[in-house]
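Asks: Structure here, sequence nowhere to be found:
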């Protein structure tokens, strides 16, 4: 007669393990964006090489991370021009990126120093979050306003 409680307990453990593992994984995507976005950035002749793209999950918020090495088009003090940032956003959004709430652009110079985007975001009228990402809605607005 003790067999039924053991089966119920075993079933409960299996269900709990399935739920726990499912909650810790990113949603399913076609991972082609990991090659398509970098290829589009390099083909856009923006002076960006060693490009990459990925998606990260923090809690329930997904962020699209895009970056590369900027060979040209910087303005002193290791910052990027707002026009370049707007163009990067346009290229990224036109490649059918995975659904994400935020976009984080990370650029480095030829010496691997991080390029500051704060002045560009300010000139574009966007307030980045503390981690440097911007909402996808703000990114779309940048492309609309810049005509990209």
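Replies: Everything's here; your move. This is a predicted model, so every value here is computed, not measured. Numbering: from 1, shown residues only.

Asks: in which helix or strand would I find the most centrally placed residue in the chain?
Replies: Central residue of the chain (Cα atoms, centre = their mean): residue 64, 1.5 Å from the mean position. Take DSSP states H and E as the rule and residue 64 turns out to sit in strand 61-70.

Asks: Strand partners (parallel or antiparallel) of that strand?
Replies: strand 48-58 (antiparallel), strand 102-108 (parallel) (DSSP bridges).

Asks: The last one: how far from the chain's middle?
Replies: Counting by Cα atoms, centre = their mean, to the nearest Å, strand 102-108 is centred 7 Å from the centre of its parent chain.

Asks: so what pLDDT did residue 51 get?
Replies: Reading off the confidence values, residue 51 has pLDDT 97.

Asks: Residues contacting the strand holding residue 64, please?
Replies: Strand 61-70 is contacted by residues 26-27, 37-38, 41-42, 47-57, 80, 84, 88, 92, 97-110, 112, 115, 131, 133, 136 when judged by Cβ atoms under 8 Å, 6 or more residues apart in numbering. C-beta coordinates here come from the backbone N, C-alpha and C atoms, glycine included.

Asks: The same query, at a cut-off of 7 Å, please.
Replies: 37, 41, 47-56, 80, 92, 97-98, 100-110, 115, 133 (Cβ atoms under 7 Å, 6 or more residues apart in numbering).

Asks: cool, and stretch 122-139?
Replies: If you take Cβ under 7 Å, 6+ apart as the criterion, stretch 122-139 is touched by 63, 82, 85-86, 89, 93, 100-104, 121, 142.

Asks: now with 6 Å?
Replies: For stretch 122-139, contacts defined as Cβ atoms under 6 Å, 6 or more residues apart in numbering pick out 63, 82, 89, 100, 102-104, 121, 142.

Asks: likewise stretch 78-94?
Replies: By Cβ under 6 Å, 6+ apart, stretch 78-94 touches 37, 40-41, 44, 66, 73, 75, 105, 107, 113, 115-117, 119-120, 123-124, 139, 142-143, 146, 148.
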